[in-house]
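Peer 1: can you look at this prediction? I've put the sequence above it.
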Amino acid sequence: MNDYNRERNYDPQKHKNVKFIESYAFNDENNVLLFEKLRFLDLDTKKKFFRFRRPNPDNKDEPIYNLNGITAVPYRLSSWKDKPEITVCEGEKDANAMAALCPGLETTCAPFRAGSWPEELTPWFKEKKVYICYDVGNESDAEMVADNLLAVAKEVFIINLPSEIEEYDLSDYLEESKDRKAETIEEAIGEAIGDLYEKYATRYEESISYQSNSVFEGTPMDNEIEVANSFLCKYVEIHSKITDAPQHFILFSGLALLSAMLNYFYFVWAKPTNLNLYILLLAQSTTERKSTLIDIVYDYLKRVEEANFESTNLIFPSTFSPEALFDILEKRNRGIILWRELSTVKALFGKAYGKGLPSTFTDIWDGRPVSQHFKKEGFRRVDNPVVSILCGGIGEWLVEGLRRLDFQGGLWTRFIFVPAASGKKSYRLPGSFPSDNEIIQELYCLAPLSPKEMNLEKVKPMFEDWMVKLTEEKQNLGNAIAETFYNKLEINVLKIACLLQLATDHSVIVEKEAMEDAIIIGEWLKRQLPNLLRDFLQSDWDRERARIINVLERRSKPTSKEIYQFANIDARSGIKHLENLIQEGLVGSRGTKSGTRGRPGRRFFLIK
């Protein structure tokens, strides 16, 4: 659970005057404690914050304050895992309140913030009737949970609390219910709880298909890539039985595995170039099993590492500072980085961009030595580092982030973008999978190979013919960004051809069949580029407008504040866009009551 190792909102320098409020135990299906969530109140700011801790197997009196190695589970799991119906609340306080007032009612929640739903929670809701009750104002978070659960649940309902007051929650509703006219408080509360499910619950159907303007999400495409390479065919066939991920996702994860094993081989094309690939699997969150495929690659590499082959400690940490990266490269200058979510990359590069981390990875892909000057350590240099990357994520941040992160000619043009035609909802398979022995044996054969130069003489004419056609297409596009992408695609195709040849017979002489397969893969990637480039070549105004429409398609009647937040635009521009869309008859709005406080607001929706 690496994404949650940070103790949320906790700063030992900031939170000095605190009061402990309550502890919430998260147990596994057998009621064995996995971790605890501790609720505190900062007495200076009057704001709550949380810490997580887990049992220490070596000393029960000194718990460990992180969640390393822990798999997330839903709250109160052991009490409802065998029950047919469950209510998902926003937090532990609401879940406990409902369970205490109505003992026959089963409740749960996610361990983290409202907008977070770890994918490993989803399988626990298989074939259950699920009700979701989140705070007023967090309707989009409730829909996100519903979208995740539709893949496995029997039915999904969203309970909309009868209030327009922001942050009005289930506990507020239950407290107010005591004032209902009834013979006893218990009867009043019972009627109120009954109303939640009879009056305020709406069956949730799969939301309108999100057809983004981006190639990353929702774009129809030819998912199948027909190649003849025996290793890739076998890899796709085997893992299509383990996961229902798109076959082209499986194929590129197999290429990433080969790159991790063989990236220290090289070819000379203008200059020596190693076989390291940067691959990014792109689809909407919780779909297409991106994380599952990355975990599969991780498990195969761990199996190879456990076999004690020399120099097979290939997996780099997923988070590091620029200084820590140099520490790693000085000890072992080759390996792979596996990022299950692009948000990790965003946080890592966003904080360290000014410190040269993206340019370091650019130099690594280009086969140059990496060097940097640090305040404490002074000048540091690593010669010939070779790092492959496999990561997964969504494209919305990428479209915006690339322009800010030196997109043109920078790090991201080195990546192989592998988009998926989204639409189906999916979830990560629970537990581990049995590593395929046939694949393992092939990896065992690759592990001891010594790095050598690849021989491209046999396929040079074929590749040059393809490059001529590529150059013509590149010139017809007529923009520098497209030219940069095409230039890097040429190099990636050569890398893929070499990897496929090594996987076939360990030969350094690249044969026609390997190059043919590599060009097929390159052509598939090239067909995805027009939509990709269209996103980057849109004007800022058109891109903002498209993002607003996407928000309105994906979320049920958001407020203007929610639109600006999810579209990542400022209010001034957002107001102009909404006014134009309303005038064009594309968007409508309705007023909302203010309740007991606050000003009346408006919610917006697309006019079909």
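Peer 2: Structure received.

Peer 1: run through who's touching the helix or strand harbouring L581.
Peer 2: Under the criterion of DSSP states H and E, L581 resides in helix 571-583. Applying Cβ atoms under 8 Å, 6 or more residues apart in numbering, the contact partners of helix 571-583 are 544-545, 548-549, 560, 563-564, 567, 569, 587-589, 604. (Each C-beta comes from the backbone N, C-alpha and C, glycine too.)

Peer 1: wait, a strand at S388?
Peer 2: Yes. With DSSP: H, G, I helix; E, B strand; the rest coil as the criterion, S388 is assigned to a strand.

Peer 1: would you mind measuring from it to F379?
Peer 2: Per Cβ to Cβ, to the nearest Å, S388 is found 27 Å from F379.

Peer 1: now the helices for the stretch 451-600 of the chain?
Peer 2: 460-477, 480-505, 512-537, 540-554, 560-567, 571-583 (DSSP state H, counting those that start in this stretch).

Peer 1: could I get those as CSV with mean neighbour count and mean pLDDT?
Peer 2: Converted to CSV, these look like this (neighbours: other Cβ atoms under 10 Å; pLDDT from 0 to 100):
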stretch, mean neighbour count, mean pLDDT
helix 460-477, 13, 87
helix 480-505, 21, 89
helix 512-537, 19, 83
helix 540-554, 19, 80
helix 560-567, 18, 84
helix 571-583, 15, 87
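
Peer 1: just put those helices in JSON lines and tack on distance to K302.
Peer 2: Below are the helices of the stretch 451-600 of the chain laid out as JSON lines (distance: least, Cβ to Cβ, whole Å):
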{"stretch": "helix 460-477", "distance to K302": "35"}
{"stretch": "helix 480-505", "distance to K302": "20"}
{"stretch": "helix 512-537", "distance to K302": "27"}
{"stretch": "helix 540-554", "distance to K302": "37"}
{"stretch": "helix 560-567", "distance to K302": "37"}
{"stretch": "helix 571-583", "distance to K302": "47"}
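
Peer 1: give me the more crowded residue out of S388 and F379.
Peer 2: Neighbours were counted for S388 and for F379 using other Cβ atoms under 10 Å; S388 has more, 29 against 8.

Peer 1: in the sheet, who's paired with that one?
Peer 2: Beta bridges link S388 to I336, judged by DSSP bridges.

Peer 1: could you check the pLDDT of it?
Peer 2: S388 carries a pLDDT score of 96 in this model.

Peer 1: pretty sure it is touching Y264, no?
Peer 2: No. Shown here, S388 and Y264 do not form a contact pair, counting by Cβ atoms under 8 Å, at 10.3 Å.

Peer 1: what sits against the residue nearest to D169 when sequence neighbours are not counted?
Peer 2: Excluding its sequence neighbours, the residue lying closest to D169 (Cβ to Cβ, 6 or more residues apart in numbering) is D135, at 4.4 Å. Shown in contact with D135 (Cβ under 8 Å, 6+ apart): E90, A114, L161, E167, Y168, D169, L170.

Peer 1: and which of these is nearest F361?
Peer 2: A114 (33.6 Å; Cβ to Cβ).

Peer 1: any idea which element the nearest residue to that closest one once chain neighbours are set aside lies in?
Peer 2: Counting by Cβ to Cβ, 6+ apart, the nearest residue to A114 once its immediate chain neighbours are dropped is D141, at 4.6 Å. If you go by DSSP H and E, D141 is part of helix 139-149.

Peer 1: relative to the whole chain's centre, how far out is that helix?
Peer 2: 16 Å (Cα atoms, centre = their mean, to the nearest Å).

Peer 1: which residues sit against the following helix or strand past that helix?
Peer 2: Counting by DSSP H and E, the element after helix 139-149 in chain order, helix or strand, is strand 155-159. Contact with strand 155-159 is made by 87, 129-133, 139, 142-143, 146, 149-150, 196-197, 200-204, as judged by Cβ under 8 Å, 6+ apart.

Peer 1: pull out the buried residues from those residues.
Peer 2: 87, 130-133, 139, 142-143, 146, 149-150, 196, 200-201, 204 (16 or more other Cβ atoms under 10 Å).

Peer 1: any idea which of the residues you listed is least confident?
Peer 2: E139 (81).

Peer 1: for the closest residue to that residue other than its chain neighbours, give me phi and psi.
Peer 2: Spatial nearest neighbour of E139, excluding adjacent residues (Cβ to Cβ, 6+ apart): S556 at 6.2 Å. Phi and psi for S556, reported as degrees, to the nearest 10, are phi -80, psi 110.

Peer 1: okay if I get the contacts of D135 as a markdown table plus secondary structure, distance to L258 and neighbour count?
Peer 2: Formatted as a markdown table, the contacts of D135 follow (DSSP: H, G, I helix; E, B strand; the rest coil; distance: Cβ to Cβ, whole Å; neighbours: other Cβ atoms under 10 Å):
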| residue | secondary structure | distance to L258 | neighbour count |
| --- | --- | --- | --- |
| E90 | coil | 44 | 22 |
| A114 | coil | 41 | 18 |
| L161 | coil | 52 | 18 |
| E167 | coil | 51 | 10 |
| Y168 | coil | 54 | 18 |
| D169 | coil | 50 | 23 |
| L170 | helix | 51 | 24 |
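
Peer 1: I appreciate the help and will end here.
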